[in-house]
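> Build me a structure from this.
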Amino acid sequence: KYKTRAESKKSIKKTTQMALKRIQKELNQLEKEPLAGVNVTTTDNNLFTVNVTITPTQNSPYYEAIYQFCVKFPPDYPFKAFELTCMTEIYHHSMRKDGCFCCSLNGKLRDNWSPALQLKLILVDVVKLLDSPVSKDFGEPCGSCEIFDESRKDPELFLRKARTHMIDTVYKWRKHRYFFLRKIKQEKFLPGRLSSTLFREMMSF
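Below is the predicted model:
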C-alpha cells in the first residue's frame, strides 16, 4: 500500500519529533553528567547541529589546544548515525584534512552504528583519540593514510610532529588574535552581528 503525500509528511514529522526527543535527552544527560574537558552547546536552538569543544589532558600531545567539533544529527536519528567533524586543524592519523574521521571510531559512525549508541559514548572515544593517539584500540583508517603508518612504525616521531603542529597552530592563532580584536572593535561588534567577511578571516587562521 502506497502512502499518500499527507501520510508521508505526517510520518516524517513523527520521525523528526522522535529524533528531537532523543537528542534533547542525550544533551540533558551530558549537562547532568558532563565529560571532563568537554563542552557541548547548540546552535541557535537548533538541536540537529551541536558544537563540541574538547580540551585534551596534560598527558596528550595536543595539550594546551582546544579542539572544536561539529555534530550534525539526521532527522531519522538514532536509527542513522550522526556526522562528526573536527573543525580545528590537527595532525592526527584518525582525522583527515577536511575534519572527517578516517577510522570512523571502529565503524561506530558507519557500518557498526546502533541506536543503542549515543553522543556521549562517541565523545568518550574522541577524548581517548586525543589523549592517547598512538593507541591501537580504534582500528585502521578507511583507506591509505601516511600519518597512520608513521604512528605505527615510529610512534615517537608521530608524537613529536603532533606536538609541534599543535604549538604552531596555537601560536598562529595567538599571533593574530589582537588583529581580530581590533577589527571587531572597529566594526562595533555586537553578539550575533559579526560580519561574514571578518568571520571568514578568523576561520582562515
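> State the distance from Q118 to K25.
9 Å (CB to CB, to the nearest Å). (C-beta placed from N, C-alpha, C; glycine too.)
> These two: who's more crowded?
The neighbour count for Q118 versus K25, taken as other CB atoms under 10 Å, is higher for Q118 (18 against 11).
> pretty sure that one is in contact with A81, am I right?
No - Q118 lies out of contact with A81 (CB atoms under 8 Å); the separation is 10.7 Å.
> Spit out the residues that contact the two alike.
Here Q118 and A81 have no joint contacts, going by CB atoms under 8 Å, 6 or more residues apart in numbering.
> Endpoint to endpoint, stretch 57-71 covers what distance?
Chord length of stretch 57-71, first to last residue, is 22 Å (CA to CA, to the nearest Å).
> Mind listing what's buried along that stretch?
Neighbour-count burial for stretch 57-71 flags S60, P61, Y62, A65, Y67, F69, V71 (criterion: 16 or more other CB atoms under 10 Å).
> Report the two of the residues you listed separated the most.
Pairwise distances across the buried residues of stretch 57-71 (CB to CB) peak at 24.0 Å, for the pair P61 and V71.
> any low-confidence regions in this structure?
1-12, 102-104, 106-107, 137-144, 171-205 (pLDDT under 70).
> just the strands in it please.
38-43, 46-54, 67-72, 83-86 (DSSP state E).
> Let me have these in TSV, extended by distance to L129.
What follows is the strands of the chain, written out as TSV (distance: least, CB to CB, whole Å):
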stretch	distance to L129
strand 38-43	13
strand 46-54	10
strand 67-72	10
strand 83-86	10
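> between these, which one is nearest to F101?
Ranking the strands of the chain by proximity to F101 (CB to CB) places strand 83-86 first, at 6.5 Å.
> Convert the C-alpha atoms of the closest one to CSV, please.
Only the C-alpha atoms of strand 83-86 are listed here, as CSV (Å, rounded to 0.1, in the frame of the first residue of the first chain):
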residue,chain,number,x,y,z
GLU,A,83,28.1,13.2,11.4
LEU,A,84,31.1,14.2,13.4
THR,A,85,33.6,16.7,12.0
CYS,A,86,36.7,18.2,13.6
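> Show me which positions of that strand end up buried.
L84, C86.
> What helices and strands are in contact with that strand?
Packing partners of strand 83-86 (3 or more CB pairs under 8 Å, 6 or more residues apart in numbering; DSSP states H and E): strand 67-72.
> Paired strands for the strand it packs on, with orientation please.
Strand pairing for strand 67-72, using DSSP bridges, gives strand 46-54 (antiparallel), strand 83-86 (antiparallel).
> so how far is Q17 from Y77?
11 Å.
> Kindly report the same for T85.
According to CB to CB, T85 and Q17 sit 26 Å apart.
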